[in-house]
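S.K.: Got a sequence here, can you model it:
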Amino acid sequence: MYVVLAWFSDRRQPDGTIRAARARFDAAVAEVVPETYVRRDFGGEDWGVTFLHSADQGDYKWPLASTEGPLTALSLGLPVGVETTGPLALARDLLAGADIHRDVLPPFGLIALDGDQRLAIQQDWIGMCRLFTGTSDGITAFCSRPSLLTTFLYGTTEPDLDGWRSYAASGFFGADMSPVRGARLLQPGQRITGRRRSEGGWELTSETRYNVDDVVMSGFAGQGRPVEESLDLAADAFTKTATSIGKLYDGPISLGLSGGKDSRLIAASLIATGHMPKFHTNDDTVVEGETALRLMQILRDKRGLTPDHRLTKVGAPADVLEVGLFERTKRLQQRYDFQFPSSYQIRPAVDPRLPDALPAASFSGVGGELATGYWYPTVEGRTPEQEVVGRLTNAVPRNGLAPGVIDAERARITGLFDHAREIGLSDLHLVDYLYLTERVRRWYSSAYIIGSVTPYLAPGFVAAAFGVTAQQKRDFLLHKSLIERLIPEWGDVPFVTAFHGTSTATRIWDGDGTKAIAELLETAQGPIAQLINRDLVEKTLTTVVRTDSSPEHILRQFNYLAVASTVLEPGTVAPATGAAYARITAPPAPKKPTARPIPVPSRLRWLKKTRLWKTARRILRPAR
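M.R.: Purely as a prediction, here's the structure:
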């Protein structure tokens, strides 16, 4: 893995200013990177670049840092899909103005330095590479971790409440937002170029190059063309991806094979191009494991292949509960600078520091939903805007968010729809666009892992997905047709999802979870934690204690935000008293016996007992 900091000043800064900023950065980065990391420093009186990366690159052929003469190339990820002879050639092309990111599979970014005179920084076309930027007192800086960026620039790290509102509602930081104030993610296709003035100081220019809008519209413009053209485009994208990884990596490829459609198509494309992955299946949900075993058996019986396949339980309580909930969450947030999904709190605890060595290359199904109508409305009459707003604000129940959170997200999402229509999109394709630019870009974990290959984000496949109709996506046309082309024997095995069957994975309240969340209800009093309705959290937790069952998302989100609050807002932490835990775990009050009401005769019944009633019946009796 890596950490990068690059800063450029528009004038010569006092020595003390830069010295203090570097000291702050060095102290903070030492808590994140292992001592084994290689450190490379470049710079002068008005600029500097620090690049720290794993010394052990394993089976990867693509070096993260390369220097030849005045030219330096710093790669933020792997350029899967790009035709090039190496990082220095890619850096030369970037400095010359080429769109080197046009064919890349996100995430990938590149920093090219031409001595101390020129620079170019390129974000990938969807904006998935985690490179944040900020400016202070004439210094513009770029960093792979937002907290390190603000520590360097401002000397403080304060929460960005707009970002946390977005996280509270959707489960991720929307658009270019960040967990800390003063740091913004580089935009899709954004390029920064700079030249050093003769008298000192840098002149920086930002522009938007080939980006997600270009990819999407290249496919959407072909609406109505023969479907075979879209199928050929998608198949070609998968084939090129499988071929490209072989040029960058010389070891075994890992693939998580579920019972679903995305991993099955990836597996079929790899096998068809001569790459047999090492398969692993998470069988926390039993039907996932059963379906994967059936697919493996078909390969043995029909093709004589002997795939390496193992079943694992990534959420097994015995592994997860070795570390308490608060500590698991705190480590997760430190490792990924607060940016990971809250669902990972029920996975085994991670090392808060970055890994010593690069992991084995693996393939991810990120983005496959673009070809399935995943977020399409299922309720008749529901508009794309209503559906997307609902999807992007469903991390907790509507009554679980502080006032104004939903309104802020709705206004932001409306602006995204306006832009999508301006570039020419319409109907349900608007939903896919929002899914791609929001959910895929900011939520998926592959953004943080070098070697996580995302074939569904190959520009050709994305274009193909926007080239077919909404109904064809609902029918899984691309997935089914490509699997039929590559391994037709798998075509008759039904697709399943993790929502089929019962899961044995850890629940958020297992182990010390109930006590940890109850304690946070008392201690986490900062603005971040206040974004979640505490009364609903306590009510939900009380239900869990009494029934061992409840939807988990409100508890996951509250715990994640509350732990972040204790770290980013330490001055707001209150002492724990145990009162909340006592209330939550107290047995329910016995129901008071209700006295049976004394029957009160109705007026009619009383009337029937009187002499008046008998007289009236005799007089009014009909004649015979």
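S.K.: For the stretch 451-600 of the chain, which segments count as strands?
M.R.: In the stretch 451-600 of the chain, the strands defined using DSSP state E, counting those that start in this stretch lie at 452-453.
S.K.: mind showing which ranges of it have poor pLDDT?
M.R.: Low-confidence segments of the stretch 451-600 of the chain, defined by pLDDT under 70: 498-502, 594-600.
S.K.: how about the nearest residue to residue 298, chain neighbours excluded?
M.R.: Take residue 298 and drop its neighbours on the chain: the residue closest to it by Cβ to Cβ, 6 or more residues apart in numbering is residue 489, 5.1 Å away. Quick note: C-beta positions are derived from backbone N, CA and C, even for glycine.
S.K.: residue contacts, the one you found?
M.R.: 298, 302, 303 (Cβ atoms under 8 Å, 6 or more residues apart in numbering).
S.K.: one more time with 10 Å, if that's ok
M.R.: The neighbours of residue 489, taking Cβ atoms under 10 Å, 6 or more residues apart in numbering as the test, are 268, 295, 298, 299, 301, 302, 303, 483.
S.K.: likewise residue 478?
M.R.: Contacts of residue 478 by Cβ under 10 Å, 6+ apart are 227, 230-231, 233-235, 261, 265, 368, 370-372, 456, 461, 464-465, 467-468, 472.
S.K.: do residue 162 as well
M.R.: Residue 162 makes contact with 173, 174, 175, 177, 178, 181, 408, 412 under the criterion Cβ under 10 Å, 6+ apart.
S.K.: thinking again about what came up before, show only the entries of the contacts of residue 478 found in helices.
M.R.: Counting by DSSP state H, the part of the contacts of residue 478 found in helices is 227, 230-231, 233-235, 261, 265, 461, 464-465, 467, 472.
S.K.: Phi, psi for the most centrally placed residue in the chain please.
M.R.: Most central in the chain under Cα atoms, centre = their mean is residue 443, positioned 1.4 Å from the mean C-alpha point. Phi and psi for residue 443, reported as degrees, to the nearest 10, are phi -90, psi -40.
S.K.: how much space between it and residue 189?
M.R.: For residue 443, the distance to residue 189 equals 20 Å [Cβ to Cβ, to the nearest Å].
S.K.: ok, now residue 66?
M.R.: Note on residue 66: its distance to residue 189, by Cβ to Cβ, is 24 Å.
S.K.: Can you pick out the residue with more neighbours from those two?
M.R.: Neighbour count, other Cβ atoms under 10 Å: between residue 66 and residue 189, residue 189 has more, with 23 against 17.
S.K.: quick one on the thing from earlier: going by distance to residue 74, which of the ones in helices among the contacts of residue 478 wins?
M.R.: residue 461 (27.8 Å; Cβ to Cβ).
S.K.: what's that closest one in contact with, if anything?
M.R.: Contacts of residue 461 by Cβ under 10 Å, 6+ apart are 105, 215, 219, 230, 233-238, 240-241, 265, 367-368, 370-371, 454-455, 478, 482.
S.K.: Check residue 396 too.
M.R.: For residue 396, the contacting residues are 168-171, 342, 405, 531-533, 536-537, 540, 551, 553-558, 561, by Cβ under 10 Å, 6+ apart.
S.K.: switch to 6 Å and redo it
M.R.: Taking Cβ atoms under 6 Å, 6 or more residues apart in numbering as the contact definition, residue 396 lies against 553, 554, 557.
S.K.: Grab the nearest non-local neighbour of residue 266.
M.R.: Per Cβ to Cβ, 6+ apart, closest to residue 266 is residue 363, 5.0 Å.
S.K.: was I right about that neighbour contacting residue 453?
M.R.: Yes: counting by Cβ atoms under 6 Å, residue 363 does reach residue 453; the two are 4.9 Å apart.
S.K.: What average pLDDT does stretch 358-377 get?
M.R.: Computed over stretch 358-377, the mean pLDDT rounds to 92.
S.K.: what about that stretch, start to end distance?
M.R.: This stretch, stretch 358-377, spans 40 Å end to end (Cα to Cα, to the nearest Å).
S.K.: got it, and stretch 23-35?
M.R.: This stretch, stretch 23-35, spans 17 Å end to end (Cα to Cα).
S.K.: Of all the residues in it, which ones are buried?
M.R.: Using 16 or more other Cβ atoms under 10 Å as the test for burial, stretch 23-35 gives 24, 25, 28, 29, 32, 33, 34.
S.K.: what's the answer for stretch 276-285, then?
M.R.: Residues of stretch 276-285 classed as buried by neighbour count (16+ other Cβ under 10 Å): 276, 277, 279, 280, 281, 282, 283, 284, 285.
S.K.: Specify the local secondary structure of the nearest residue to the third one once chain neighbours are set aside.
M.R.: Okay, so that is residue 279. Sequence neighbours aside, residue 309 is the residue nearest to residue 279 in space, at 4.1 Å (criterion: Cβ to Cβ, 6+ apart). Of the three states, residue 309 takes strand according to DSSP: H, G, I helix; E, B strand; the rest coil.
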